[in-house]
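Undergrad: Show me the folded form of this:
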Amino acid sequence: MRLNKLISVLINYELLGDLDLNKEIHDLTNDSRKLTENAAFIAIKGERFDGHSVIDQLMKENISLIVAEEFSSKQIEKALNKKITLVKVPSTYRAQAILSHQFFGQPSSQLPLVAVTGTNGKTTTTHLISQFLELLNHKTGVIGTLHYKIGERLLPAINTTPEAVSLQKYYKSMVEEGCSDIIIEASSHALSLGRLWYTDVDCAIFTNLTREHLDFHKTMDNYAYAKSLLFAQLGQSFHHQKPRLAIINQDDPYADVMSRATGAVVITYSMKDPQATVYVDELTTEASIQKFKLHYQARTYPVALSMIGAYNVMNYLAAFLCLVVYYGYSAEQIVDLTPRLKGITGRMQVIDKGQDYRVVIDFAHTPDALENVLSELKETSNGKLRVMFGHSGGNRDSAARPDLGDILFKWADHIVFTADNPRNEPIKKIVSEMVRDHQEVPYDLIEDRKKAIHHLVNHAEANDTLLFAGKGGEAYQVIGDDYIPYDEVAIVEEELENKWKR
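TA: Sure thing, here's the model as predicted:
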């Protein structure tokens, strides 16, 4: 792309250095380690690294354009001699969003894009929508916690929602590889930091809001405001001959905050309010199947969902409305396809290797999610409920730990505390802040997570329920500053196979 076309979308900027705007820009990046010849570099002030600090070094390379918030007089002089164009902007965060949208061909405007936000349920809801669409012969792209999916290709996920340049590049790949739809998880960090600016969202979904990330947002009101930005971003124009759509969990206390943030069409789902757009009642659970009555447009549909957990019924309702109201498929089509849905890795995933007790792996790591999982499993357990848990918020929101401890000691019969993502915080300190003065049930501390799994599997008794909570399908552990590859499902399966082979 020619430089003049790239920067034509900017409004508030100053042009410095080499003023030849006909040069070709071959790539766009905000990572100095990924710089290629004749590329454009955007200097971002991050939490750990400021891209402005490498501008002098980059001027030694064959670079065409540098976008930054400040340049020294020496840098301006050097850029003129090296034929490097400099663009000075008030905010490189804002500039990178609009420039990457332009450079990669405005890819999110080319396909229908569904974005799901909320504390819990984002991953399950996005994957349910993707599964339904694939069963209906769509080719989907997915951005989220488990992985980034481009058609049949799966790529490791670094963040739930990547920064703007990477995100637009993924969208472009989805367009080029023939995807028909994009479904993304929209994290509160991404919304607050502008990673989703110039992502053209057609359908936004709100699952719920409970305590998390208050180390970043400070208050629940700030956290709710961050989530509401997704709905404010919808706008009011038609796209792909359809109005923009907001799908909101009517049962959540923050539902009204999301509704008031948008001028788009709002529809709701509920397990409490019969006046919601779609409503569920008569929920029963048999083994790993949930059965319920779904009420939509004055008709009732019996549904059997092969996922446990009432909250997964809510995730299903969000996906149902997306497919029926936004995509226009009939309620009958979606209900008929429901038995073909597969469970989501690490989300209330039942592992059966022939053992005489129930084993469940779940991502629950917030107080609300943990209590939902534990109360549900306790109610349906014939033996003891044994739980492995380690707070994922090392060096982060430690104020949630007393609540997590209260919930564990309220519902579990035996607890094994271990490492989750401790980062640089001592595991014993993390656990002590959960345990405090609790002595109601026996508990162990085994810092190595693999050894903790081995311990729990080998101390289980017939008819017990084992819950491995916190990691789910997350592909790593953060220990110190290192991201260490990790697969909880594979480790639990191996432990069970080893034990039951004997």
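Undergrad: Can you show me the helices along the stretch 1-150 of the chain?
TA: Remark: helices assigned in the stretch 1-150 of the chain by DSSP state H, counting those that start in this stretch are 3-6, 55-58, 73-82, 92-103, 122-135.
Undergrad: how about the first one: buried residues?
TA: When burial is assessed from 16 or more other CB atoms under 10 Å, helix 3-6 yields the following buried residues: 3, 6. C-betas here are computed from N, CA, C, even on glycine.
Undergrad: average pLDDT across it?
TA: For helix 3-6, mean pLDDT is 95.
Undergrad: Over to the fourth one?
TA: Rounded to a whole number, the mean pLDDT of helix 92-103 is 95.
Undergrad: Enumerate residues external to it that contact any of its residues.
TA: With contact meaning CB atoms under 8 Å, 6 or more residues apart in numbering, helix 92-103 is reached by 1, 5-10, 13, 25, 28, 30, 40, 42-45, 51, 67-69, 87, 89, 108, 163-165, 167-169, 193-195, 197-198.
Undergrad: and of the helices of the stretch 1-150 of the chain, who's closest to residue 402?
TA: Closest approach to residue 402 among those is made by helix 122-135 (25.5 Å; CB to CB).
Undergrad: CA atoms only: put the closest one into CSV for me.
TA: As requested, the backbone C-alpha atoms of helix 122-135 are provided in CSV (Å, rounded to 0.1, in the frame of the first residue of the first chain):
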residue,chain,number,x,y,z
LYS,A,122,-17.4,-15.9,26.6
THR,A,123,-15.5,-18.9,25.4
THR,A,124,-18.4,-21.3,25.6
THR,A,125,-20.7,-18.9,23.8
THR,A,126,-18.3,-18.1,21.0
HIS,A,127,-17.6,-21.8,20.4
LEU,A,128,-21.3,-22.7,20.5
ILE,A,129,-22.0,-20.0,17.8
SER,A,130,-19.1,-21.3,15.7
GLN,A,131,-20.2,-24.9,16.0
PHE,A,132,-23.8,-24.0,15.0
LEU,A,133,-22.5,-22.0,12.0
GLU,A,134,-20.2,-24.9,10.9
LEU,A,135,-23.1,-27.3,11.2
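Undergrad: how close does residue 24 get to residue 242?
TA: To residue 242, residue 24 is 37 Å away according to CB to CB, to the nearest Å.
Undergrad: So those two - more neighbours on which side?
TA: Ranked by neighbour count (other CB atoms under 10 Å), residue 24 and residue 242 place residue 242 first, with 15 against 10.
Undergrad: Quick check: residue 345 touching residue 489?
TA: Yes. At 6.3 Å, residue 345 and residue 489 qualify as touching, with contact defined as CB atoms under 8 Å.
Undergrad: So those two - more neighbours on which side?
TA: residue 345 (19 against 16).
Undergrad: which stretch of helix or strand covers the more buried one?
TA: If you go by DSSP states H and E, residue 345 is not part of any helix or strand.
Undergrad: okay, residue 363: pLDDT?
TA: With respect to pLDDT, residue 363 scores 89.
Undergrad: what number of residues lie near residue 57?
TA: 9.
Undergrad: what is in contact with residue 345 and residue 489 at once?
TA: Contacts common to residue 345 and residue 489, judged by CB under 8 Å, 6+ apart, are residue 473.
Undergrad: tell me the contacts of residue 195?
TA: 97, 161-164, 167, 189.
Undergrad: ok, which stretches of the stretch 401-502 of the chain are strands?
TA: Taking DSSP state E, counting those that start in this stretch, the strands of the stretch 401-502 of the chain run over residues 414-417, 443-445, 465-469, 476-479, 482-485.
Undergrad: Leaving out the residues flanking it, which one is nearest to residue 228?
TA: For residue 228, ignoring the flanking residues on the chain, the nearest one in space by CB to CB, 6 or more residues apart in numbering is residue 261 at 3.9 Å.
Undergrad: thinking again about what came up before, present the helices of the stretch 1-150 of the chain as CSV; the columns should include distance to residue 444.
TA: As requested, the helices of the stretch 1-150 of the chain are arranged in CSV below (distance: least, CB to CB, whole Å):
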stretch, distance to residue 444
helix 3-6, 58
helix 55-58, 51
helix 73-82, 58
helix 92-103, 45
helix 122-135, 29
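Undergrad: What is the neighbour count of the closest residue in space to residue 62 that isn't next to it in sequence?
TA: Of all residues not flanking residue 62 in the chain, residue 37 sits nearest, at 4.9 Å (CB to CB, 6+ apart). Neighbours of residue 37 under the rule other CB under 10 Å: 10.
Undergrad: do the same with the one 10 residues further on
TA: Neighbouring residues of residue 47 were enumerated by other CB under 10 Å; the total is 6.
Undergrad: Could you dump the strands of the stretch 401-502 of the chain into CSV with mean pLDDT, distance to residue 234 and mean neighbour count added?
TA: Formatted as CSV, the strands of the stretch 401-502 of the chain follow (pLDDT from 0 to 100; distance: least, CB to CB, whole Å; neighbours: other CB atoms under 10 Å):
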stretch, mean pLDDT, distance to residue 234, mean neighbour count
strand 414-417, 96, 42, 23
strand 443-445, 96, 46, 17
strand 465-469, 96, 34, 26
strand 476-479, 90, 33, 18
strand 482-485, 90, 34, 10
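Undergrad: circling back: could you dump the contacts of residue 195 into a markdown table and include neighbour count, distance to residue 150 and secondary structure?
TA: Formatted as a markdown table, those follow (neighbours: other CB atoms under 10 Å; distance: CB to CB, whole Å; DSSP: H, G, I helix; E, B strand; the rest coil):
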| residue | neighbour count | distance to residue 150 | secondary structure |
| --- | --- | --- | --- |
| 97 | 23 | 21 | helix |
| 161 | 26 | 16 | coil |
| 162 | 18 | 13 | coil |
| 163 | 21 | 18 | coil |
| 164 | 28 | 18 | helix |
| 167 | 27 | 13 | helix |
| 189 | 15 | 23 | helix |
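Undergrad: Make TSV from those residues and add distance to residue 498 to it.
TA: Shown next, in TSV, are the contacts of residue 195 (distance: CB to CB, whole Å):
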residue	distance to residue 498
97	49
161	38
162	37
163	41
164	45
167	41
189	39
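Undergrad: which of those residues sit farthest apart?
TA: Maximum pairwise distance in the contacts of residue 195, criterion CB to CB, is 14.9 Å, between 97 and 189.
Undergrad: now, of the helices of the stretch 1-150 of the chain, which is deepest in the fold?
TA: Among these, helix 122-135 has the highest mean neighbour count (mean count of other CB atoms under 10 Å), at a mean of 24.
Undergrad: hmm, who's touching it?
TA: For helix 122-135, contacts defined as CB under 8 Å, 6+ apart pick out 114, 116, 140, 142, 144-146, 149, 160, 180-181, 183-187, 205, 207, 307, 312, 315-316, 318-319, 322-323, 327, 334, 337, 340-342, 344, 347, 363, 473.
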